[in-house]
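In: Can you look at this prediction? I've put the sequence above it.
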Amino acid sequence: MKTVEIREAFLGYFEAHAHTRVASSSLVPGNDPTLLFTNAGMNQFKDVFLGAESRSYSCATSAQRCVRAGGKHNDLENVGYTARHHTFFEMLGNFSFGDYFKQDAIRFAWDFLTDTLGLPAEKFWVTVHVSDDEAERIWIEDIGFPRERISRLDEDNFWQMGDTGPCGPCSEIFFDHGDHVPGGPPGSEGEDLDRYIEIWNLVFMQYNRDAAGEFHPLPKPSVDTGMGLERIAAVMQQVHSNYDIDLFQTLISEAARILKVDDLKENSLRVIADHIRSCAFLMADGVLPGNEGRGYVLRRIIRRAVRHGNKLGARGPFFYKLVSTLVHEMGDAYPELARAQPEVERALLIEEEQFERTLDNGMQILEEALNKLDGKEIPGEVVFKLYDTYGFPTDLTNDIARERGLSLDMEGYTTAMAQQRSRSQESGSFKVDYNGALKLEGSTEFIGYDSVEGDGVVLAVLRDGEEVGELSADESGVLVLDRTPFYGESGGQVGDSGHLEGANVKLEVTDTTKASDHHLHHVKVLSGSVKCGDRLEARVDPNVRQATRLNHSATHLLHAALRKVLGEHVQQKGSLVDSRRLRFDFSHPEAMSAQQLKEIETIVNEQVRGNTAVETRLMTMDDAVAAGAMALFGEKYGDEVRVLSM
């Protein structure tokens, strides 16, 4: 089976078993500061598992594009030299949100592998957690799997979302590539070798771990699974390396043709084939090369690919030419890649040309270092600085050193690299107490689209993040109401301000934010006191609200004008909208010209002067996208969305 056929077989199988097919989310996680890139299929469902978000379905299936090339999930240095390391991969998954549990999850997996894919049962090995007698019983009694091919492991078979929150045991399914490949089954001395390869992980979320480390049973145990598409494709196509599957071989062959390389086994060709996938998909999701954050990771991947092209004799830009082949292979499954092809090719070409100049700059820095050199060894700190700061390839530094009878202090370089990687992992590691969020039933009903006044009952009173009995005069805190006209900060628009008033209390609302489905009113008590159960009259400052709305509308006009003038790759990266001004953040591979700025200003001003009516409609998410609506950066949407047309 071809890779594209396996992907469709998986999604089709679970659709036929009452799962809703859900599209891959962006590689840039929405509303999740804990992740640099989307790195697992469950990322987009995290709030559903946490109970902070509900969906219209209880079972889902997806093919999620993932990147692991930064922070603590960083496989970059191994890519191209091992059989299964990638910067970009696709994760096939099926998910149950309180619907089915272990028995059905195991049955689905076994049925898909042995019946749908037709793989021989005797080629599999299974692991379960040491505490999970239930999963082992299901495998043996329900599936008929032989006990002697089940390993019971500890840490490797327990999954957790974070330091606290949902967690539970898992059952992993391994494929035996045969006794001609060295290695032993999971749990044995040779488990790290290549004979037995994990292809599917079934996670059983059944506990909630609190800050004290105690486990509490979840009211609705759930299932999260993940199977690497590239790994199962290697199994189905009877090859041992992921790079030998059809998709990679097409990319490798095209790279070899462009670079005029005869040996398709060159590791550098593997690097290039892997990296074009991560670079193109990151760019399609709005990431552009830069000097920090996601943009810096993307730049490193591009430069690594270009460096390997140079090792194979490339003269001039070549990497961008692979985009069309990638679109041919994956554009049907991911239409957003096909739509972004022209912008991706242009941005890659610009980055390649810039890197050529960077190499020239690196040579100047190296020459200065060599002129100051005392001895025959170039210090590791210099080698690392050239690589990390100037993007100067270490192997090129080594070639130049060899020509001049010099050597590199690789021990010092390795130390500097390890220190940098440690800093990167620390910055990419986040400790999040998922139990620390406000726990309230229901949600706040927002009535502010229709009115700037209304009333509501106080559901919670907080001070310094803790729930308290009441707030008194001159105290500040946060109130949660059951209904409110106050807009909570989102989509770049600041929260509303105004006043709340009850029978015995007057409060000033200085800001309004959101937590899950509740609006948080940040207040100062002007007189009296307020407690849970009090009914308050709410009045938004109408002048501030109207001025803010005007600026918010202007951001959408600006966004549309930017896309018309610069191209459809322009996506909102962030914004700030208040009553006085607006700020709109976006990425573009080159500086805007004065003529482009003037054209954008003219388009926006013409629309403002046109003063056309703004139409508001409630639509399903699918209908909204079909009608041309654009989702906004950092926003999360339910099944029904509010669509504004101007």
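Out: On my side now, so go ahead. Numbers count the residues shown, from 1 in each chain.

In: Any regions of this structure where pLDDT drops low?
Out: In the predicted model, the chain carries pLDDT under 70 at residues 31, 70-77, 360, 391, 393, 395-396, 399, 423-439, 631-639.

In: quick one, helices of the stretch 351-500 of the chain?
Out: Counting by DSSP state H, counting those that start in this stretch, the stretch 351-500 of the chain has helices at residues 380-388, 394-403, 410-428.

In: okay, these, which one's buried deepest?
Out: Neighbour counts (mean count of other Cβ atoms under 10 Å) averaged over each of the helices of the stretch 351-500 of the chain peak at helix 380-388, with a mean of 20. Bear in mind the C-beta positions are built from the backbone N, C-alpha and C, glycine included.

In: elements contacting it?
Out: Judged by 3 or more Cβ pairs under 8 Å, 6 or more residues apart in numbering; DSSP states H and E, the packing partners of helix 380-388 are helix 341-371, helix 394-403, helix 410-428.

In: nearest to residue 450, of the ones you listed?
Out: Among the helices and strands packed on helix 380-388, the nearest to residue 450 by Cβ to Cβ is helix 341-371 (39.6 Å).

In: re earlier: closest one to residue 153 among the helices and strands packed on helix 380-388?
Out: helix 410-428 (24.6 Å).

In: neighbours around the nearest residue to residue 480 once chain neighbours are set aside, how many?
Out: Of all residues not flanking residue 480 in the chain, residue 460 sits nearest, at 4.1 Å (Cβ to Cβ, 6 or more residues apart in numbering). Residues near residue 460, counting by other Cβ atoms under 10 Å, number 16.

In: In this structure residue 460 contacts residue 533, no?
Out: No. Judged on Cβ atoms under 8 Å, residue 460 makes no contact with residue 533 at a distance of 10.6 Å.

In: Turn the helices and strands packed on helix 380-388 into TSV, including distance to residue 623.
Out: Below are the helices and strands packed on helix 380-388 laid out as TSV (distance: least, Cβ to Cβ, whole Å):
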stretch	distance to residue 623
helix 341-371	26
helix 394-403	52
helix 410-428	38
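
In: thinking again about what came up before, got the contact list for the residue nearest to residue 480?
Out: Listed by Cβ atoms under 8 Å, 6 or more residues apart in numbering, the contact partners of residue 460 are 438, 440, 467, 478, 479, 480, 532.

In: and those residues, which are buried?
Out: 438, 440, 478, 479, 480 (16 or more other Cβ atoms under 10 Å).

In: nearest to residue 213, of these?
Out: Closest to residue 213 out of those is residue 438 (22.2 Å), distances taken as Cβ to Cβ.

In: rewinding a little: for the helices and strands packed on helix 380-388, which one sits closest to residue 194?
Out: helix 410-428 (25.0 Å).

In: hang on, the earlier thing: what separation is there between the residue nearest to residue 480 and residue 440?
Out: Distance from residue 460 to residue 440, counting by Cβ to Cβ, to the nearest Å: 6 Å.

In: Return every residue with contacts to both of those two.
Out: residue 480.

In: Now the one helix or strand residue 66 maps to - C-alpha only, CSV.
Out: Element membership of residue 66 [criterion: DSSP states H and E] is strand 59-67. Extracted C-alpha coordinates of strand 59-67, given in CSV (Å, rounded to 0.1, in the frame of the first residue of the first chain):
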residue,chain,number,x,y,z
CYS,A,59,-15.1,9.8,19.3
ALA,A,60,-12.6,11.3,16.8
THR,A,61,-9.9,10.3,14.3
SER,A,62,-7.3,12.4,12.6
ALA,A,63,-4.0,12.4,10.7
GLN,A,64,-2.1,15.1,12.5
ARG,A,65,1.0,16.8,11.0
CYS,A,66,3.7,17.1,13.7
VAL,A,67,7.1,18.7,14.1
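
In: Please name the strands paired to that strand in the sheet, noting orientation.
Out: The pairing partners recorded for strand 59-67 under DSSP bridges are strand 20-21 (parallel), strand 88-96 (antiparallel).

In: and of the ones you listed, who's closest to residue 14?
Out: Nearest of the strands paired with strand 59-67 (Cβ to Cβ): strand 88-96, 4.9 Å.

In: Contacts for the closest one, please.
Out: With Cβ under 8 Å, 6+ apart as the test, strand 88-96 has contacts from 7, 10-11, 14, 19, 40-42, 45, 58-68, 104-105, 108, 222-230, 232, 274, 277-278, 281.

In: same thing with stretch 558-578?
Out: By Cβ under 8 Å, 6+ apart, stretch 558-578 touches 283, 286, 339-340, 342-344, 347, 491-494, 548, 551-552, 555, 582-588, 592, 596, 599-600, 603-604, 630, 632-634.

In: Recalculate using a threshold of 6 Å.
Out: Stretch 558-578 is contacted from outside by 286, 343, 492-494, 548, 551-552, 555, 583-588, 596, 599-600, 603-604, 632-633, using Cβ atoms under 6 Å, 6 or more residues apart in numbering.

In: Excluding covalently adjacent residues, which one is nearest to residue 543?
Out: The shortest distance from residue 543 to any non-neighbouring residue, by Cβ to Cβ, 6+ apart, is to residue 579 (7.8 Å).

In: Is there a neighbour count for the one you found? I'd like the number.
Out: Using other Cβ under 10 Å, residue 579 has 16 other residues around it.

In: need the contacts of residue 460 in JSON lines with distance to residue 542, can you?
Out: Listed next are the contacts of residue 460 as JSON lines, based on distance: Cβ to Cβ, whole Å:
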{"residue": "438", "distance to residue 542": "29"}
{"residue": "440", "distance to residue 542": "29"}
{"residue": "467", "distance to residue 542": "31"}
{"residue": "478", "distance to residue 542": "23"}
{"residue": "479", "distance to residue 542": "21"}
{"residue": "480", "distance to residue 542": "23"}
{"residue": "532", "distance to residue 542": "28"}
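
In: now for the helices and strands packed on helix 380-388, which one comes closest to residue 326?
Out: That would be helix 341-371 among the helices and strands packed on helix 380-388, by Cβ to Cβ, at 8.8 Å.

In: Hey, what's the angle from that closest one to helix 380-388? Just curious.
Out: Angular relation of helix 341-371 and helix 380-388 on a 0 to 180 degree scale: 160 degrees, by axes from the mean of the first three to the mean of the last three Cα atoms, to 10 degrees.

In: Distance of the closest residue to residue 464 other than its chain neighbours relative to residue 466?
Out: Nearest residue to residue 464 in three dimensions, chain neighbours excluded: residue 477, at 7.8 Å (Cβ to Cβ, 6+ apart). Residue 477 sits 10 Å away from residue 466, going by Cβ to Cβ.

In: higher neighbour count, those two?
Out: residue 477 (23 against 8).

In: you'd agree that one is up against residue 463?
Out: Yes. Counting by Cβ atoms under 6 Å, residue 477 does reach residue 463; the two are 4.1 Å apart.
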